[in-house]
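**Q** would you be able to build a 3D model of this:
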Amino acid sequence: MGKPLEVRVLSSALFGKLRASCSEFGEGIEDEKFMVSEVEPSPLIHTQYMDSIIEKQEDGTIVLNITIPQKTVRETTNEIILSIAKTANIAGFRKGKAPKKIVEGKVDKDKVEDEVLKKLLPKYYADAVKKHDLKPIINPRIHVETLGDDKDWKFTASTCEAPEIDLNGYKENIRKITSGAKIVIPGKEPFGVAQDKQKEASFDEIMTELQKSVKVKVSKIIVEQEVERLLAQTLSEIKRLGLTLDQYLASTHKTVEDLRKEYENKATNDIKLEFILQKIAEEEKITVADTEIDDTIKSVKDENERKGLEANKYLLASVIRQQKTLDFLKKL
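**A** Model (predicted):
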């Protein structure tokens, strides 16, 4: 049962984490050279509630324009200031006994604002998701549009749902790869059979054909998040090697734009394949039993690796399911 651990996992295998709570907002990488530009708005569907407007773009990106009423902002700000006042050390007063008005004049306004955002943004985002009956598969990218003491607060939350996938008769095309051409001569073994028995369609051949056959459109927002992950991973490796970003780029004869474009292509292909394999697994009812997960974990000799798998059984199950799906495709 050790075989599933050898599967070539797509770089977007982090999809095991994509269904994490959408009330927790992901963070981008810090290097300013890699910051992602805003998604260009091109709404196709536009619906509105009192405190949120939804825009669905052609590539599947969903942008929620959300308003937090000024009354709610003010009430929440007061609550936070009162909470700070309970533990504040103000000269001339016992700890936590200074009047709210004095505490308000002493506290860092930006810090209070941040606390208000932390408290209200997840709630209003979750409410908007529920009102518009959405099923996001990633944490949202948040952009605050308007802040101020005497006005409504406005922010946008960009996310996406699982894309629609048209498998488009993929089996016939995959069989052309897996079966191989055979010339049948009456009374003799088909030409090429011996070779075919030894040769198996490769992962890359099958994945390339799936890319050609299956129709799937992936949101820019999910591609950008995967690009950020890949870039953050690269930055970490560069720092571990004791190099600067400029030194790394010079040694590889690449620019930041080249690196980003390379990762965009990789992320787009990997994410498409991830969704395609998931769809095929669903269509063919390919599942993973608890015993398969347990046997795989038991087969690992390294104790730390075993503990890591124990803590990430959901992700391990997705890897095993992906392996089983690939085995299914190879046998077509």
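**Q** how about low-confidence regions in the chain?
**A** The model of the chain has pLDDT under 70 over residues 1-50, 88-89, 91-94, 96-98, 103-106, 180-199.
**Q** show me the helices in it, by range?
**A** For the chain, the helices defined by DSSP state H cover 70-85, 100-106, 109-131, 170-179, 193-198, 203-213, 220-240, 245-252, 256-283, 290-298, 303-311, 313-330.
**Q** need these in JSON lines (columns: distance to residue 140).
**A** The way it works is simple: take the backbone N, C-alpha and C, and place the C-beta from them, glycine included. Below are the helices of the chain laid out as JSON lines (distance: least, CB to CB, whole Å):
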{"stretch": "helix 70-85", "distance to residue 140": "20"}
{"stretch": "helix 100-106", "distance to residue 140": "31"}
{"stretch": "helix 109-131", "distance to residue 140": "6"}
{"stretch": "helix 170-179", "distance to residue 140": "32"}
{"stretch": "helix 193-198", "distance to residue 140": "49"}
{"stretch": "helix 203-213", "distance to residue 140": "28"}
{"stretch": "helix 220-240", "distance to residue 140": "9"}
{"stretch": "helix 245-252", "distance to residue 140": "28"}
{"stretch": "helix 256-283", "distance to residue 140": "17"}
{"stretch": "helix 290-298", "distance to residue 140": "31"}
{"stretch": "helix 303-311", "distance to residue 140": "26"}
{"stretch": "helix 313-330", "distance to residue 140": "21"}
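**Q** so for residue 163, which of those helices sits nearest?
**A** Closest approach to residue 163 among the helices of the chain is made by helix 256-283 (6.0 Å; CB to CB).
**Q** residue 214 against residue 278, yeah?
**A** No - Residue 214 is beyond contact range of residue 278, at 11.5 Å (criterion: CB atoms under 8 Å).
**Q** when those two are compared, which one has more neighbours?
**A** Using other CB atoms under 10 Å as the criterion, residue 214 and residue 278 rank with residue 214 on top: 21 against 18.
**Q** list the contacts for the more buried one?
**A** Residue 214 makes contacts with 165, 166, 167, 168, 170, 272, 276, 279, as judged by CB atoms under 8 Å, 6 or more residues apart in numbering.
**Q** restricted to buried residues, select those in PyMOL.
**A** Applying 16 or more other CB atoms under 10 Å to the contacts of residue 214, the buried members can be selected in PyMOL as follows:
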select buried, resi 165+170+272+276+279
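**Q** re the thing from before, ok, which of the helices of the chain comes nearest residue 142?
**A** helix 109-131 (6.4 Å).
**Q** list the buried ones in that closest one?
**A** For helix 109-131, the buried set under the neighbour-count rule, 16+ other CB under 10 Å, comprises 112, 113, 115, 116, 117, 120, 121, 122, 124, 125, 128, 129.
**Q** these two touch, right, the second one and residue 144?
**A** This points to residue 113. No - using CB under 8 Å, residue 113 is not in contact with residue 144, being 9.7 Å away.
**Q** and the closest residue to residue 157 other than its chain neighbours, how far from residue 223?
**A** What sits nearest to residue 157 in space, not counting adjacent residues and going by CB to CB, 6 or more residues apart in numbering, is residue 140, at 3.9 Å. Between residue 140 and residue 223 the distance is 15 Å, computed by CB to CB, to the nearest Å.
**Q** may I see the buried residues of stretch 278-297?
**A** Neighbour-count burial for stretch 278-297 flags 278, 279, 280, 281, 286, 288, 292, 293, 296, 297 (criterion: 16+ other CB under 10 Å).
**Q** swap that for stretch 52-61, please
**A** 52, 53, 54, 55, 56, 57, 59, 60, 61.
**Q** chain center to stretch 300-314: distance?
**A** How far stretch 300-314 lies from its chain's middle: 23 Å, per CA atoms, centre = their mean, to the nearest Å.
**Q** cool, stretch 111-125 as well?
**A** Computed by CA atoms, centre = their mean, the chain-centroid distance of stretch 111-125 equals 23 Å.
**Q** give me the contact list for that stretch.
**A** Contacts of stretch 111-125 (CB under 8 Å, 6+ apart): 22-25, 51-52, 64, 66, 68, 72-73, 76-77, 80-81, 84, 140, 142, 144, 147, 153, 155, 157.
**Q** make a PyMOL selection of the buried ones in the residues you listed.
**A** To isolate the buried ones among the contacts of stretch 111-125 in PyMOL, judged by 16+ other CB under 10 Å, type:
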select buried, resi 22+51+52+64+66+68+72+73+76+77+80+81+84+140+142+147+153+155+157
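**Q** ramachandran coordinates for the residue nearest to residue 249 when sequence neighbours are not counted?
**A** Closest residue in space to residue 249, ignoring its immediate chain neighbours: residue 255 at 6.4 Å, by CB to CB, 6+ apart. Main-chain torsions, residue 255, degrees, to the nearest 10: phi -100, psi 170.
**Q** perfect, I'm done here.
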